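Student: everything below, folded, please.
(chains A, B, C and D, ligands or ions: 2)
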Amino acid sequence: MSPVTAVVVFPGTNCERDVIRALRALGGEAEAVWHRDADLSGFAGVVLPGGFAHGDYLRPGAIAATSPIMAAVRRMAGEGRPVLGICNGWQVLCEAGLLPGAHIANRDLRFICRFVEVEVVDTDTVLTSTLQVGQVLRIPLNSYEGAWVDPSGEGRVVLRYRDDPNGSQGRAAAVADGRGNVVGVMPHPERAVDHLTGSTDGVPLLESYLAALERLPVHA
Amino acid sequence: MRELPPEEDALSIVAQEAPPEAEPAHRLLGLTDEEYRSILDLLGREPTPAELAVYSVMWSEHCSYKSSRVHLGRLPTEAPWVVMGPGENAGVVDLGNGWCAALRIESHNHPSFVEPFQGAATGVGGIIRDILTVGARPVALWDQIRFGPIDHDRSRYLFGGVVSGIAWYGNAVGVPTVGGETAFAETYSANPLVNVMCLGLLPRDRVVRATAGNPGNVAVLLGAPTGRDGIGGASILASAGFDATSESKRPSVQVGDPFQGKKLIEACLELYERGLVVGIQDLGAGGISCAASETAARAGVGVELDLDRIHVREEGMDPAELLISESQERMLAFVVPERVEEVLEVARRWEVDASVVGRVVAGDRVVARHHGRVVLDLPAASLTDGAPAYRRPYGEPQWMEDLWSNTLSMVRPPRLGDALLRLLDDPSVASARWVYEQYDHMLFLDTVVGPGADASLTRVDRAGLVVSTDGNGRVCYLDPRRGAARLVWEAAANLATLGARPLAVVDNLNFGNPEDPDVMWQFVETVQGLAEACTQLGVPVVGGNVSFYNETEGKSIHPTPVVGMLGIVDPLPEQIPRWENVEEGDELWIVGSDPTPNLAGSAFEQVVFGHVGGRPASTNPTRGNSVLGLVRRLVAEGIPVALHDVSDGGLLVAVAELCIAARIGVGLSYSDWRALFSEDPHRIVAVVSPADSHRLVDAARRQGVEISRLGTFGGDSILLEGPDRREAVPLEEASAAHLGAIPRRMATSHAT
Amino acid sequence: MRVTVRVIRRPDIADPQGATTLRALHDLGFSQVRSVRVDRTLHLEVDGDDPEAVRSAVDEMCRRLLANPVLEDFEVEVTE
Amino acid sequence: MRVTVRVIRRPDIADPQGATTLRALHDLGFSQVRSVRVDRTLHLEVDGDDPEAVRSAVDEMCRRLLANPVLEDFEVEVTE
Ligand SMILES: Nc1ncnc2c1ncn2[C@@H]1O[C@H](COP(=O)(O)OP(=O)(O)O)[C@@H](O)[C@H]1O
Ligand SMILES: [Mg+2]
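Tutor: Ligands and ions are numbered 1, 2, ... in the order given. Next up, the predicted model:
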C-alpha cells in the first residue's frame, strides 16, 4: 500500500477535496483528518490545505494553529516527515511557529486569483526535489493575505515569483524550514494538474512531495 | 422590555399601545388599510404586534410578489427534465447522468446601496443557502452588478465595496465565482443593482423539500445566533405609537459571516447524506416566521414555535424581533423525534450552534410562544398563498413613440478605429478582469472555462455545465419586450460558443416603482418577451426574482431584467474553443448574417455619440435557432479554434477581444460599417484554422446557414478594410484600453 | 500632531470575528472570558498647530473615509 | 472586568492598510496627513475580581493567540 497523507481539515478549510483529488490522480493516497483529532499515527506525511480556517478571523491561521492536531503535525515535522502547507496552510504553519515569518495583506489590498509564474530557487526540499533550479512554473495564486514577511531572515526561499504580485519579502512564493521537510507555498500546486483547467505545472511539485513520503518508514 | 399581558389578553396589544393620535401601526409598517382589513378578517380579531410585524414582512412586495404574481404565470416552466420549478427555493433540473443541477438568482440592490460591502456579501450568503436548501452542494456563483458612471466618486465607492464584499464572502465560504456582468450607466447612479446567481449539484435521489412534514416532527434552528439584524419592516417597529422609541431597536445592517456559512454548508450536507432531515428551509426575509409558515403551508400542517429556545446574540429581544429577525447564516430543519439527537450531534461536530425551537402539529396554524404566552397564532397559508395579489394598471407610455423616432442620423460614418478604442475603453464594454481576479474562480478544480469568456464551463464527470448571465438596461429601456427576448437569445448564443444546449433559465427582474403604470408596462412587456424567447428556444424558466422600487426621488431605473441560463454539453468537446488559442493564419468567419444592421440601443451609439434612442431590432427565432444549431454542431465536431458571440459593442469589439486574448492582430474587411457595431444576437464569430475551413463551409451549407469570411489573423494591429478606406489600430493600444479601462479608473477608489 | 482614531463597531451589529475569537479562547481553556469585540484603531500623524483644527479635520476624514457610519462609531483623540 | 488589548504592529513590518489609507486621504485632499497606521483593539469581558490575575491571564491569551510576536506587540489594560 502506498504511504498515506493526512489532509487536515479545520472549520473553514475549503481546498481539502481538491488536494486529495490531485494527490490521488498522481497515484498518491490521501485522507481528510478533522482538526480535533490529536493523532496522526499511520500517516506518512501531512498537508495543510488552503481555505479560510476559522474564517481567517483575528489573523489567518492564528486560531487553527492552536488546534489539537497541531501537536501531531509538530511531531511529524520533528521526525523529518514531509509537512506541506498550501496557502492558508502555510499561514497556519507560520502561526504555529513551524516555519519562520508571518503573512500580511497583499500590497494592493485586493484578493488575487490568477496564474502566476514562479521560479525554482532551492531543490533541497520535499516540494522541489524533482525540479531544477531556474525552472519556471505557472500555477494559480489565490490569496488576500499572501505577502510573507520574515524579520528573522531565517526562512529558506524555495520558489520565487517572477513578477511581484503581492509584496512578499524576497518575492517568496514558497519557503522551507532548515531541513527542507516543512514547506509552505502560497500558489496552489493542486490547481495545476490538468491541461483542461489551465496548467500541469503543479504536477512535479506534488510528485516531489509524494516521493518524499517514501523516505521514512511509517509506524502504526 | 415590554411587559406582556397574560396569555388570554395577548391578542390585543396593539389596541392598548397605539396612542390615538399616532399613525396606525399597520401603516407605519407599510400595510395598506385594505390589507389591514384583510388581516382582521383572516384572524377574526386584532393582530398582536408580532403578528402585525410578520404580516407586514410576508405581505411586502419583496416576499409576496403581490404586483408581479399575476403576470409571471405566463413564463413557460415545464420540460421533461425539470424536477422543481418556480416557487421552490431553487429550480432543479435533471442532468441525465445521475446528477441534478440547482439554480437560483436573487437581487440585493437596496442593502448594497446602504452598505456595499456587507450588502453584497450577505446577498452571496443568501443565494448560497437557497441552493443548499434543496439538498445541493453550491458549486459556482455569478454576479451581475450595475452602478452609476465610474467617474463618479460615489459609484466607484459602491463598485469597489460590492466587489470586495462578494470576494470576501464567496472566497471564504468556498464557492468559486466563475462569471458575471459589470455595467455602468447614469440610470443606476442612485440605485445600483447587485444580482447574484448560484449553481448547485446534487445526486438525483437527494432533492430536499422545504416542508415541515408530519405532526410530531421537531423543528431545529441551526447556525448563527439571532440578533436584531435587518428587522424588515421594523425600521418602523421602533416608531413611536407602536412601541416606546428606543435606540436599541434601530434595525441593524446585516453582517455576513462566511465562516459560519461554510460550517452550515458542511453540516447540512452531512444531514442530507445521512437522511436526517425531513425538510429544511433557510431563513431569509421574514426570518423564522417566514420559514415556519412556508414549510407548514407546504405540508398542510401547523408549527408551534417556542421563541425562548432560540439561541440569541442579544438579550431582551421582543417576540416580533425574534420572529422576523434576518440574522444571516441560519436554517430551520424538520426532523423526526428519534433522530434529533443525531442532528444535534452533527451540528456539534461541525461546530454549528443548534437549538430545538418547535414542533409540527396537526392543523394549519403557526403558533409562537414567548415566556409561555402566545404571541402569534395564525393560519400558515395566510402568510403565503393568502397574501394579496394586485393587478396594477399599466399601459404603453406616451414617450415610447418619441424614443423610437429619436434615431441617430449620421451624415458620415465616424472614424472606426477611434470608435473601437473608445468602446474598448468604456468600463461597461472593457475587460472585467479587475473584478474577477478578486474572486476565487478555480476552487474544486472543475472550472474548465472561467470568467473572461462568453460563458463559463464547469466540469461534471464527462459533461460540462455551461452558464451565461446577461442583462442590458439600455436596450430594454428602448423596447422592454424585444430587449428581454434578446437577452435570452444572447445567453443561448453564449452557451453555444461552448457547444452547450440550454436546459433552464432563471431571471432577475429589476424594475422601478410598480405603482407607476409606465413601469408596470415595462414589466409586463418584459415578461412577455422572456416568455416568447424561452418558448422559441424550448427552455423552461425554473425560477426568478422580482425587485421593484428601484427608484430615487421618483425616478425609476431603466427596466433591467437579467437572464441566467444553464446549459449542458455532454460529453465535453475534445477541442474546447478558447479565444487565446487563435494563431497566426487562422481564418475569421461570421456565422449568420445581419441583413439590416440596427444600431438602436447599441454601445456604439451610447459611447461614441452619447445617444440612446430608436427602436432595437426584434429577434428572429428561425435565424437564431439555425445559427445556434450549427455552432453547437461545429463545436461537437471540433472545428472552431475559437468562437465569440456578437453582443456589447458589436462585431468589431468581439473581434478585438479575440485579438487581445490571443495577442495577435487581424485583417478584417467589411462592406457595411454598421454591421461592425450592431449587436445582433443571431451572429457568432468563428475562428478556424485554414485546414478546417472547408469543414465549416460544408457544415454551414448542410444546415442552410449563411456564413462569410471576414479576414485572417496575424500581425500586430487590427486592420479594417472598407469599400473606400483603410484604418489600423495597433493591438497594443487596443489591449491597453480594454484591460486598463477599469484598473486605471479604480486607482483612486475610496471617497464615500 | 498625533491623533488616535478609535473606530467602534456599533453594539447591535454582529461581530463574527469577536464571536469566533471567543470560541477559540474557550477552546484554549480560558473559560473566564465572557465576550470579545474586535475593533480598529488608527494612528495618524497630521500636520498642524491647532488641536481643534486638527480634530475637526480628522472628524471629517472619519466621516468620509475612515469609519463606516452604517456599522461604526468613532472617537478622535488628539495627543500632541 | 473589562480589558482592552491593543495589538500594535511592529514598526519594521509593512502596513499595507495604513499605506492605502494614507493614499486615499491624500486623494481626498487631506494632504496634511503624514502617516497612518492601522491596529487592532480587542475588548474583552473577563470574569474575576483580581485585576492582577486578570491581567496575567490576558497576557497569556495574547501570547498564545491574540498577538503574533513576529508582527505585533501588545498592551493590556484592565479597566474596572
Ligand atoms: N462582475 C463580474 N464577475 C465575474 N465575472 C465577470 C463580471 N463581469 C464580467 N465578468 C466576466 O467577463 C466576461 C465578459 O462579460 P460580458 O461582456 O458581460 O460577456 P457577454 O457579453 O459575453 O455576456 C464574462 O466572462 C464574464 O463572466
Ligand atoms: Mg458573449
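
Student: residues near the spatially closest residue to residue B:85 that is not a sequence neighbour, how many?
Tutor: Nearest residue to residue B:85, sequence neighbours excluded (C-beta to C-beta, 6 or more residues apart in numbering or on different chains): residue B:77, at 4.5 Å. (C-beta placed from N, C-alpha, C; glycine too.) Residue neighbour count, defined by other C-beta atoms under 10 Å in any protein chain shown, stands at 20 for residue B:77.

Student: what backbone torsions are found at residue B:77?
Tutor: Residue B:77 has phi and psi values of phi -120, psi 0 when expressed as degrees, to the nearest 10.

Student: any idea how far it is from residue B:484?
Tutor: In this view, residue B:77 and residue B:484 are 16 Å apart by C-beta to C-beta, to the nearest Å.

Student: where does pLDDT dip in chain C?
Tutor: Judged against pLDDT under 70, chain C has no low-scoring part.

Student: tell me the centre residue of chain B?
Tutor: The residue lying closest to the centre of chain B (C-alpha atoms, centre = their mean) is residue B:105, at 3.5 Å.

Student: quick check: next helix or strand after the strand or helix carrying it?
Tutor: Assigned by DSSP states H and E, residue B:105 belongs to strand B:99-107. For strand B:99-107, the succeeding helix or strand toward the C-terminus, using DSSP H and E, is helix B:109-114.

Student: chain center to whichever strand or helix holds residue B:652, what's the gap?
Tutor: Element membership of residue B:652 [criterion: DSSP H and E] is helix B:650-662. Centre-to-centre, helix B:650-662 and its host chain are 27 Å apart (C-alpha atoms, centre = their mean, to the nearest Å).

Student: likewise stretch A:174-184?
Tutor: Stretch A:174-184 sits 9 Å away from the centroid of its parent chain (C-alpha atoms, centre = their mean).

Student: now do the helices in the chain.
Tutor: Picking chain A for this. A:16-25, A:69-78, A:88-95, A:203-213 (DSSP state H).

Student: not quite, I wanted chain C
Tutor: For chain C, the helices defined by DSSP H occupy C:16-27, C:51-61.

Student: got the contact list for the first one?
Tutor: With contacts defined as C-beta atoms under 8 Å, 6 or more residues apart in numbering or on different chains, helix C:16-27 is touched by A:54-55, A:57-58, A:63, A:66, B:224-225, B:255-257, B:259-260, B:313, B:351, C:33, C:35-38, D:42, D:61, D:65-66.

Student: low-confidence regions, the chain specifically.
Tutor: Answering for chain A, as no chain was given. Using pLDDT under 70, chain A drops low at A:1, A:219-220.

Student: let me rephrase: I mean chain B.
Tutor: For chain B, the stretches flagged by pLDDT under 70 are B:1-22, B:232-251, B:748-752.

Student: next to chain C, which bits of it? Give me the list.
Tutor: Selection of chain B residues close to chain C by C-beta under 8 Å from any C-beta of the partner chain yields B:114-115, B:118, B:224-225, B:227-229, B:248, B:250, B:252-257, B:259-260, B:313-314, B:327-328, B:351, B:750-752.

Student: do chain A as well
Tutor: Applying C-beta under 8 Å from any C-beta, we find that chain A lies next to chain C at A:54-55, A:57-58, A:63, A:66.

Student: of the residues you listed - the most surrounded one?
Tutor: Counting neighbours by other C-beta under 10 Å, the top entry in the residues of chain A next to chain C is residue A:54, with 31 neighbours.

Student: for the closest residue to it other than its chain neighbours, what are its contacts?
Tutor: Closest residue in space to residue A:54, ignoring its immediate chain neighbours: residue A:63 at 3.9 Å, by C-beta to C-beta, 6+ apart. Residue A:63 makes contact with A:53-54, A:57, C:20-21, C:24, D:65, according to C-beta under 8 Å, 6+ apart.

Student: quick one: which helix or strand includes residue B:342?
Tutor: Here residue B:342 is assigned to helix B:340-349, by DSSP H and E.

Student: just the buried positions in that helix, please.
Tutor: When burial is assessed from 16 or more other C-beta atoms under 10 Å in any protein chain shown, helix B:340-349 yields the following buried residues: B:340, B:343-344, B:346-347.

Student: also stretch A:159-173?
Tutor: Here stretch A:159-173 shows A:159-161, A:165-169, A:171-173 as buried, counting by 16+ other C-beta under 10 Å.

Student: now do that stretch: distance to the chain's middle.
Tutor: Computed by C-alpha atoms, centre = their mean, the chain-centroid distance of stretch A:159-173 equals 16 Å.

Student: one step back: ok, the buried residues of stretch A:159-173 vs chain C, which is closest?
Tutor: Chain C lies nearest to residue A:167 out of the buried residues of stretch A:159-173, by C-beta to the nearest C-beta, at 20.7 Å.

Student: enumerate the residues of chain A near chain B.
Tutor: Counting by C-beta under 8 Å from any C-beta, chain A sits next to chain B at A:11-12, A:14-15, A:17-18, A:21-22, A:51-52, A:54-57, A:110-114, A:140, A:142, A:144, A:188, A:190-191, A:193-194, A:196-197.

Student: those residues, buried ones only, as a PyMOL selection?
Tutor: Buried members of the residues of chain A next to chain B, defined by 16+ other C-beta under 10 Å, are picked up in PyMOL with:
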select buried, chain A and resi 11+12+14+15+17+18+21+22+51+52+54+55+56+57+110+111+112+113+140+142+144+188+190+191+193+194+197
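
Student: can you flag which of the residues of chain A next to chain B belong to strands?
Tutor: Within the residues of chain A next to chain B, residues falling in strands by DSSP state E are A:112-114, A:140, A:142.

Student: redo the residues you listed as a markdown table? Include distance to residue A:76.
Tutor: Below are these laid out as a markdown table (distance: C-beta to C-beta, whole Å):
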| residue | distance to residue A:76 |
| --- | --- |
| A:112 | 30 |
| A:113 | 30 |
| A:114 | 32 |
| A:140 | 27 |
| A:142 | 25 |
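
Student: any idea of the angle the one helix or strand residue B:169 maps to forms with helix D:16-27?
Tutor: Following DSSP H and E, one finds residue B:169 within helix B:153-173. Interaxial angle, helix B:153-173 versus helix D:16-27 (axes from the mean of the first three to the mean of the last three C-alpha atoms, to 10 degrees): 170 degrees.

Student: buried ones in helix B:153-173?
Tutor: So, applying 16+ other C-beta under 10 Å, buried residues of helix B:153-173: B:155-173.

Student: report all helices and strands that that helix contacts.
Tutor: If you count contacts as 3 or more C-beta pairs under 8 Å, 6 or more residues apart in numbering or on different chains; DSSP states H and E, helix B:153-173 packs onto helix B:109-114, helix B:116-133, strand B:137-147, strand B:177-184, helix B:258-273, helix B:731-746.

Student: redo that, cut-off 10 Å
Tutor: helix B:109-114, helix B:116-133, strand B:137-147, strand B:177-184, strand B:193-203, helix B:258-273, helix B:433-436, helix B:731-746 (3 or more C-beta pairs under 10 Å, 6 or more residues apart in numbering or on different chains; DSSP states H and E).

Student: right, I'll leave it there.
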